[in-house]
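Trainee: Dropping a prediction and its sequence here:
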Amino acid sequence: MSVHDRSGIAGARRVVVKVGSSSISGDNHHRIESIVDALAAAHARGTQVVLVSSGAIATALPLLNLAGRPSDLATQQAAAAVGQNVLMWRYQTTLERYGLLAGQVLLTAGDLENAAHRANARRAVDRLLGLGVLPIVNENDTVATHEIRFGDNDRLAALVAELIGADALILLSDIASLYTRPPSEPGAEAIHTVPFGDDLTRFEFGSVVVNSVGTGGAATKASAARLAAASGIGVLVTSADLVEQALAGEDIGTWFAPNPETPPRTGTTPLPAVGSA
């Protein structure tokens, strides 16, 4: 069942954690270690964790001598193919300290729109979790097109959380919480809690940020948080530097309260066999 406030995250059965490109690529790639440390600690407490990780394209930029995120689809796809391999290696190398394995799960928007693909994706993640493996999910950028994409991995994380019946979703950002307006502007105040059903019109999140390594921003996180909350999943938005505190249920970040009338699926209901492996 979904947790009703931050404190419940520490004892949650199943949690999805999303981290963005800027938090784990370039000079920040060392953060992978602290993120894995926190995920391993939650795993040791008995929490099943799914990590949705951006960063494939960003990781490949210096390796391919690219100055910034490519604008053409073919180069994006090529960079994703190279970067995803290196990104998974970095995660697995760090996980080995805890005797844990990572399992790569690459999805497209079409996979979650197709009933058979959804069932197979859910079954695969359920089985990975049952085997004690850390599923690491990303958009399959090598085959995705501009027309058919999740748009950002915040939305992907919300959809994955709903798919597997997560108890909570943690969206990691570059700042400790969302603000009533861009934090650089006068009068900006940190948002502690967003009640379910709040229309957010009094807040000024600004437009989506597209930087040299990824896409996202406060607006996409708020949108994804509302999507997950509508499915009965509580959402915490906070900094990647505070992932340990977030998973420990500390009073940090911005909490989006879940819909009390729409509990998420448990993620344990047997699914009929669909297709082949």
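Mentor: Arrived safely. Numbering: from 1, shown residues only.

Trainee: Low-confidence stretches in the stretch 1-150 of the chain?
Mentor: Low-confidence segments of the stretch 1-150 of the chain, defined by pLDDT under 70: 1, 145-150.

Trainee: just the strands in it please.
Mentor: In the stretch 1-150 of the chain, the strands defined using DSSP state E, counting those that start in this stretch lie at 14-19, 48-53, 102-107, 134-139.

Trainee: Nearest approach to E261 belongs to which of these?
Mentor: Judged by Cβ to Cβ, the one of these that comes nearest to E261 is strand 14-19, at 20.6 Å. C-beta here means a position set from N, CA and C on the backbone, and glycine is covered the same way.

Trainee: tell me the angle the closest one makes with strand 134-139.
Mentor: Calculated by axes from the mean of the first three to the mean of the last three Cα atoms, to 10 degrees, strand 14-19 forms an angle of 50 degrees with strand 134-139.

Trainee: Could you name the helices and strands sitting against strand 14-19?
Mentor: When contacts are defined as 3 or more Cβ pairs under 8 Å, 6 or more residues apart in numbering; DSSP states H and E, strand 14-19 packs onto helix 31-44, strand 48-53, helix 153-164, strand 168-173, helix 243-247.

Trainee: hmm, who's touching it?
Mentor: Contacts to strand 14-19, defined as Cβ atoms under 8 Å, 6 or more residues apart in numbering, come from residues 9, 31, 35, 39, 42, 47-55, 129, 153-154, 156-157, 160-161, 164-172, 240, 243, 247, 267.

Trainee: Make a PyMOL selection of the buried ones in the residues you listed.
Mentor: Applying 16 or more other Cβ atoms under 10 Å to these, the buried members can be selected in PyMOL as follows:
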select buried, resi 9+31+35+39+42+47+48+49+50+51+52+53+54+55+129+153+154+156+157+160+161+164+165+166+167+168+169+170+171+172+240+243+247+267
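
Trainee: about what we covered before: can I get the strands of the stretch 1-150 of the chain in JSON lines with distance to L66?
Mentor: Below are these laid out as JSON lines (distance: least, Cβ to Cβ, whole Å):
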{"stretch": "strand 14-19", "distance to L66": "21"}
{"stretch": "strand 48-53", "distance to L66": "20"}
{"stretch": "strand 102-107", "distance to L66": "21"}
{"stretch": "strand 134-139", "distance to L66": "19"}
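
Trainee: wait, which of those is closest to A124?
Mentor: strand 102-107 (6.6 Å).
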